[in-house]
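Student: Sequence and predicted structure below; questions after.
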Amino acid sequence: MKTKLLPLLVVLIFFASCKDVEEISPNLRLQGFYEQTLQATSQTGEVQYDLINHFIFNADGTFSREDVTLNRGGDVVLGFRASYQGNYQVKDQVATLTYTDPLMMNVADIYYVGKEDLTIMEGTFTTEFYVSDDYSELSYKCPDNARCAQPIPFVRIVE
């Protein structure tokens, strides 16, 4: 009798010990700090700059972004190119970012201004990024009606 109950007992313990595994939401998986670095030179070609763009994605579905300019290889912020915050949602490996009244540089032929000199661009804007399968990179999703250069991805910075 004991030998017949033992397999039944093992099966019952196995099924009783299984727990539902909750999948982590895509928004939570995106949470973190992402950085993109581009290089640029001044109009004279003498001074080089690092153009650093940062995203911070929070667990509550909000994000912030700052685009700053540094001397090439330096760590001192010379000025800003953009600053804004908004909300995001991830679906089917695409992050949709919505933001209102971003602060942007309103001058095309320079690489930075003081943060107080950024201009409010009135309105609500939406931008989409492809999210890599492991959530380590974001790449700009070019709109269907536009021609875009190959995007340079934002890379997740793990501290």
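Tutor: Cool, got the structure. Residues are numbered from 1 along each chain as shown.
Student: Render the CA-only coordinates of stretch 52-64 in PDB, please.
Tutor: Below are the C-alpha coordinates for stretch 52-64, written out as PDB (Å, rounded to 0.1, in the frame of the first residue of the first chain):
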ATOM      1  CA  ILE A  52      26.000  62.500 -25.700                       C
ATOM      2  CA  ASN A  53      22.300  61.700 -25.600                       C
ATOM      3  CA  HIS A  54      20.800  60.100 -22.500                       C
ATOM      4  CA  PHE A  55      17.500  58.400 -21.800                       C
ATOM      5  CA  ILE A  56      16.400  57.400 -18.400                       C
ATOM      6  CA  PHE A  57      13.400  55.000 -18.400                       C
ATOM      7  CA  ASN A  58      11.500  54.600 -15.100                       C
ATOM      8  CA  ALA A  59       9.400  51.700 -13.900                       C
ATOM      9  CA  ASP A  60       6.300  53.800 -13.800                       C
ATOM     10  CA  GLY A  61       6.300  54.300 -17.600                       C
ATOM     11  CA  THR A  62       7.900  57.800 -17.500                       C
ATOM     12  CA  PHE A  63      11.200  58.800 -19.100                       C
ATOM     13  CA  SER A  64      13.500  61.800 -19.400                       C
END
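Student: residues in contact with that stretch?
Tutor: Residues from elsewhere that reach stretch 52-64 (Cβ atoms under 8 Å, 6 or more residues apart in numbering): 27-28, 30-38, 65-70, 82-89, 97, 138, 154. All C-beta spots, glycine's among them, are computed from the backbone N, C-alpha and C.
Student: quick one: pLDDT of the residue lying closest to Glu137 once chain neighbours are set aside?
Tutor: What sits nearest to Glu137 in space, not counting adjacent residues and going by Cβ to Cβ, 6 or more residues apart in numbering, is Pro153, at 4.2 Å. On pLDDT, Pro153 comes in at 96.
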